[in-house]
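A.B. asks: Got a predicted structure here, sequence first:
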Amino acid sequence: MHPVVATVLQRLALGLLTLFVVSIIIFSSIELLPGDFTEAVLGQAATEETVAAFRLELGLDKPAPLRYLDWVGALMQGDLGTSFSGRAASGVDRSRSVAELVGPRLANTLFLASMTAIIAVPLALFLGITAALKRNSFYDKAVSSLTLTTISFPEFFVAYILILLFATLNSWFPSLANVDPGMALGTRIWTSFLPALTLTLVIVAHMMRMTRAALINLLASPYIEMARLKGEPPRTVILKHALPNAWAPIATVIAFNLAYLVVGVVVVEVVFVYPGIGQLMVDAVSSRDIPVVQACALIFAGTYILLNLLADIIGIITNPRLLHPK
Amino acid sequence: MSQDNNTYSAAGEVAMVKTRRTRAQRIWIELRKAPPTAIFGMVVIFIYLFTAIFAPWLAPYGEAEIFAVPFDVWSSTHWLGTDQIGRDIASRMIYGARNTIGIAFVTTLLAFFIGGGLGLVAAINRSWLDQVISRAVDVLMAIPSLIFALMLLSIFGSSAGSLIIIIAVLDSTRVFRLTRAVAVNVVVMDYVEAARLRGEGLGWVMRREILPNIMPPLVAEFGLRFCFVFLTIAALSFLGVGIQPPTADWGTMVRETATLIQFAKFDLKAGMTPLVPAAAIALITVAVNFVVDWFLHKTSGLRDEH
C-alpha cells in the first residue's frame, strides 16, 4: 500500500475513534444528572405515574450501555430524541422532537458560517501572502498590528462596535439579524451581513497571521535561496517552489479556523439574535434542556473533529515529500 | 556601573563588579529596559489590580445599591449612568474588576495546579499512567472548550463554584501538555537521576528539581491562560450562563446594558455604555499579552518573532 494511503487511513481511524469517545462523553452527561431530575423537568406536582412514564420513555429502566446503543442507533436515523421543555406535571406532552428544533437552525448557522468563510478565506490568504512577501514594510506592520488588536478583543466587543457604527449611528444594516426561511437571498445576505462581518474580523486575524508565519518560514529555507540564485523570476519561485510546500500549512490554517468559527458563532448569534444553533444551545443550557444540549454539543464537536481531521488529511496528501517517497 | 563622573576610578569600577546586585536591583534594571508596550501593559495591570483590591473604597456606591431611575444618563452623580434596575454602573464596573479578575485568577491557578501537577507526574512516570492521562487529554481537547463548558454547565447548573471547576479542568488540558512537553526534557538530566538515587520522594523531585527549571515557559503560559480563561468566563457570563447576578461582572454587564446601544443616535454617551465593560475586558487581555510577549522575549527563544 502507498504510504500516503496508509497514513490517511490511520488518521481516519483515529478520527472515528475520537468521535466515538466524544459521543460516549456527551451521552453520559445525562447520567451525571441528579436522580430526581425527572421531577425537576415535570414540575413538583407530577404524579408518580407521569414520572414513571417519563422515566420509561427515557429508557432509564435499561442499563446504560444498552441505552447508548439505542441512542446511537436513533442518531444514525436522524432521530435526536425529544426535548424536555413543553412537558407538564399532568402528563400532557407538548414537547417537540429535537431534530425538528435543530434542523432549520442548523441550516441558518451553516448559511452564516459559509458566508463568513467565503469572505474571510480569500481575504486572509491575500493579506497573509502579501504581508509575507513585503515583510517588514509599512504595509506588513500595519496589517499585523491591526490583526493583533482584533485577536485580543472578545467577539461581543467587536460585534457591539460594529452595531454602534453601522446599525445605530448610520442605519445601513439591521442590528438584529432575524432571518426567516421565506427571505430572498439578497435580503438574507443584507440582514446577516453584520454577524458575518464580526466573525470575519475575528478569524481573518488568526488566519492571516498563521499564513504569514508559514510563508515566512518557507521563504527563509535554503531551496528558495537556491531557486533565486539560479535566476528564476520571482513568480516561478513563489508558484513552483514555495507554494507546493505551503499548501499543507495553509490548508491546516483554514480548516483550523473554520473549526474555530464553530465556537465563535455561539456568541455572535446571541449578540445579533440570529436564529442559529448556537443560540439554541445557549437557551437550552439556561433551561437545562439536556437532549437539545446533547444534540447541539454533538453537532459542534462532530464538525470540529471532522474539520481538524480534514486539515490533517489535506496536510498529508499535499505534502510533496510524502507523495514521492525515496 | 559607576555613573558619578567626579570620582571615577578604574579601581572603583572593577571593585563594583564584585558586589552582587540584589534581586530588586536586577529587576529594576530589566524593567528600565522594557519596551513601551510592556510598560503600558504593566501599568494597565497595576491599575486593574489596584481597583480590584480597593474596590469598596473606590466605588462611589454599593455593588447592588438600587437608585430610583433605571437607565439613567451619564452625569456627575452617576458617572456611567445606571443599569436596567437602577444600579450605578461605575460602581459595578469597579466591583466587577474584583469579581471578574478574582474568579479568572482562581480558575487559572486551579488549572495550573491540576494540569501542572499531572504533567509533572506523567513526565516523571512515563508508563501506563502517562499514556492514560495523555489519551484522556487528547479526547478532552477534541471538543471545543466553550461547547464543552456549556454542556457541563447545563448539567451542574451555573454557580461560581461549578464555573471555576469546569473551566479549570477544561483548561488544565493545555497546561498539562505544555508542562509534560517541557518537563520530559528535564527529567532525563543527571541531577534528577542523582536526586532519585539519593532516595528523594516524588514530591521533592517535582518541586525542587524539575519545577525551577521549567518555570519561565510556565509563567508565560500562565499569562496567556489567564487571558483565555478571562475571555471564556466573560463570554459565558455574556451568554447568561456564567457568573450570576447580583454579582457584578463585566460580561454580564455588557449583556444587561446592551439595549442602550439602540439609543446611540440620541445620546451617544449613553449608547456607548455597553462598550465600557467590553472595552475593559479587551484592554486587560491586550495588556497581559504585551507583558507576556516581552517576558518570553527575555527568558528564551521559545516563541520566535514572526
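C.D. replies: Perfect, I can see it now.

A.B. asks: what packs against the helix or strand B:Ala287 falls within?
C.D. replies: Assessed by DSSP states H and E, B:Ala287 sits inside helix B:275-299. When contacts are defined as 3 or more C-beta pairs under 8 Å, 6 or more residues apart in numbering or on different chains; DSSP states H and E, helix B:275-299 sits against helix A:138-152, helix A:155-163, helix B:36-53, helix B:89-125, helix B:215-238, helix B:250-257. Every residue, glycine included, has its C-beta placed from N, CA and C.

A.B. asks: just how off-centre is that helix within its chain?
C.D. replies: 9 Å (C-alpha atoms, centre = their mean, to the nearest Å).

A.B. asks: for stretch A:257-274, same thing?
C.D. replies: Using C-alpha atoms, centre = their mean, the offset of stretch A:257-274 from its chain centre is 8 Å.

A.B. asks: List the buried residues for that stretch?
C.D. replies: Of all the residues in stretch A:257-274, those buried under the rule 16 or more other C-beta atoms under 10 Å in any protein chain shown are A:257-272, A:274.

A.B. asks: For that stretch, give the mean pLDDT please.
C.D. replies: Taken as a whole, stretch A:257-274 carries a mean pLDDT of 84.

A.B. asks: Is any residue of it near chain B?
C.D. replies: Yes. Using C-beta under 8 Å from any C-beta of the partner chain, we find that stretch A:257-274 touches chain B at A:Ala259, A:Val262, A:Val263, A:Val266, A:Val267, A:Val270, A:Val271.

A.B. asks: wait, doesn't the fourth one sit right on B:Phe238?
C.D. replies: No. Applying C-beta atoms under 8 Å as the test, A:Val266 and B:Phe238 come out as separate, 10.3 Å apart.

A.B. asks: Could you say which of the helices and strands packed on helix B:275-299 is packed most deeply?
C.D. replies: Stretch with highest mean neighbour count among those: helix B:250-257 (a mean of 26; mean count of other C-beta atoms under 10 Å in any protein chain shown).

A.B. asks: Other residues contacting that helix?
C.D. replies: A:156-157, A:160, B:83-84, B:89, B:92-93, B:96-97, B:100, B:233-240, B:242-245, B:273-274, B:277-278, B:280-281 (C-beta atoms under 8 Å, 6 or more residues apart in numbering or on different chains).

A.B. asks: So which of the buried residues of stretch A:257-274 belong to strands?
C.D. replies: Judged by DSSP state E, the buried residues of stretch A:257-274 include no members of strands.

A.B. asks: for the helices and strands packed on helix B:275-299, which one sits closest to B:Leu197?
C.D. replies: helix B:89-125 (14.3 Å; C-beta to C-beta).

A.B. asks: Mind checking if that closest one is in reach of chain A?
C.D. replies: No. Helix B:89-125 is not in contact with chain A by C-beta under 8 Å from any C-beta; minimum separation 11.9 Å.

A.B. asks: quick one: stretch B:181-196 to chain centroid distance?
C.D. replies: 29 Å.

A.B. asks: Next: stretch A:159-175.
C.D. replies: 25 Å.

A.B. asks: Show me which residues of that stretch are buried.
C.D. replies: Quick answer for stretch A:159-175 (16+ other C-beta under 10 Å): A:Ala159, A:Tyr160, A:Ile161, A:Leu162, A:Ile163, A:Leu164, A:Phe166, A:Ala167, A:Thr168, A:Phe173, A:Pro174, A:Ser175.

A.B. asks: Let me know the closest of these to B:Leu152.
C.D. replies: A:Ala159 (25.2 Å).

A.B. asks: Can you tell me how far that closest one is from A:Ala113?
C.D. replies: 16 Å (C-beta to C-beta, to the nearest Å).

A.B. asks: And for B:Ala104?
C.D. replies: Plainly put, B:Ala104 is 29 Å away from A:Ala113 if you go by C-beta to C-beta.

A.B. asks: among the helices and strands packed on helix B:275-299, which is nearest B:Val205?
C.D. replies: helix B:89-125 (6.4 Å).

A.B. asks: Give me the helices and strands touching that closest one, please.
C.D. replies: helix B:36-53, helix B:55-58, helix B:128-141, helix B:160-187, helix B:215-238, helix B:250-257, helix B:275-299.

A.B. asks: Need those helices in CSV (columns: distance to A:Ser144).
C.D. replies: Below are these laid out as CSV (distance: least, C-beta to C-beta, whole Å):
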stretch, distance to A:Ser144
helix B:36-53, 13
helix B:55-58, 37
helix B:128-141, 28
helix B:160-187, 25
helix B:215-238, 18
helix B:250-257, 28
helix B:275-299, 13
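
A.B. asks: Reformat those as JSON lines; add distance to A:Pro234 and mean pLDDT.
C.D. replies: Converted to JSON lines, the helices and strands packed on helix B:89-125 look like this (distance: least, C-beta to C-beta, whole Å; pLDDT from 0 to 100):
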{"stretch": "helix B:36-53", "distance to A:Pro234": "34", "mean pLDDT": "90"}
{"stretch": "helix B:55-58", "distance to A:Pro234": "58", "mean pLDDT": "84"}
{"stretch": "helix B:128-141", "distance to A:Pro234": "40", "mean pLDDT": "86"}
{"stretch": "helix B:160-187", "distance to A:Pro234": "38", "mean pLDDT": "90"}
{"stretch": "helix B:215-238", "distance to A:Pro234": "37", "mean pLDDT": "88"}
{"stretch": "helix B:250-257", "distance to A:Pro234": "48", "mean pLDDT": "87"}
{"stretch": "helix B:275-299", "distance to A:Pro234": "32", "mean pLDDT": "86"}
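
A.B. asks: Out of those, flag the one nearest A:Leu239.
C.D. replies: Nearest to A:Leu239, of those and by C-beta to C-beta, is helix B:275-299 at 34.3 Å.

A.B. asks: In the closest one, which residues are buried?
C.D. replies: For helix B:275-299, by 16+ other C-beta under 10 Å, it's B:275-296.

A.B. asks: Report the buried residues of the helix or strand where A:Ala13 lies.
C.D. replies: Under DSSP H and E, the secondary-structure element containing A:Ala13 is helix A:3-28. For helix A:3-28, a neighbour-count test (16+ other C-beta under 10 Å) marks A:4, A:7-8, A:11, A:15, A:18-19, A:21-23, A:25-27 as buried.

A.B. asks: Say whether chain B is contacted by stretch A:205-225.
C.D. replies: Yes. Using C-beta under 8 Å from any C-beta, stretch A:205-225 reaches chain B at A:Arg209, A:Arg212, A:Ala213, A:Ile216.

A.B. asks: How about stretch A:160-174?
C.D. replies: Yes. Using C-beta under 8 Å from any C-beta, we find that stretch A:160-174 touches chain B at A:Tyr160, A:Ile161, A:Ile163, A:Leu164, A:Thr168, A:Leu169.

A.B. asks: Helix, strand, or coil at A:Gly78?
C.D. replies: coil (DSSP: H, G, I helix; E, B strand; the rest coil).

A.B. asks: Surely it is in contact with A:Val98?
C.D. replies: No. Contact criterion C-beta under 8 Å: A:Gly78 and A:Val98 do not qualify, at 10.3 Å.

A.B. asks: Which of those two has more residues huddled nearby?
C.D. replies: Neighbours per residue, other C-beta atoms under 10 Å in any protein chain shown: of A:Gly78 and A:Val98, the larger number sits with A:Val98, 23 against 9.
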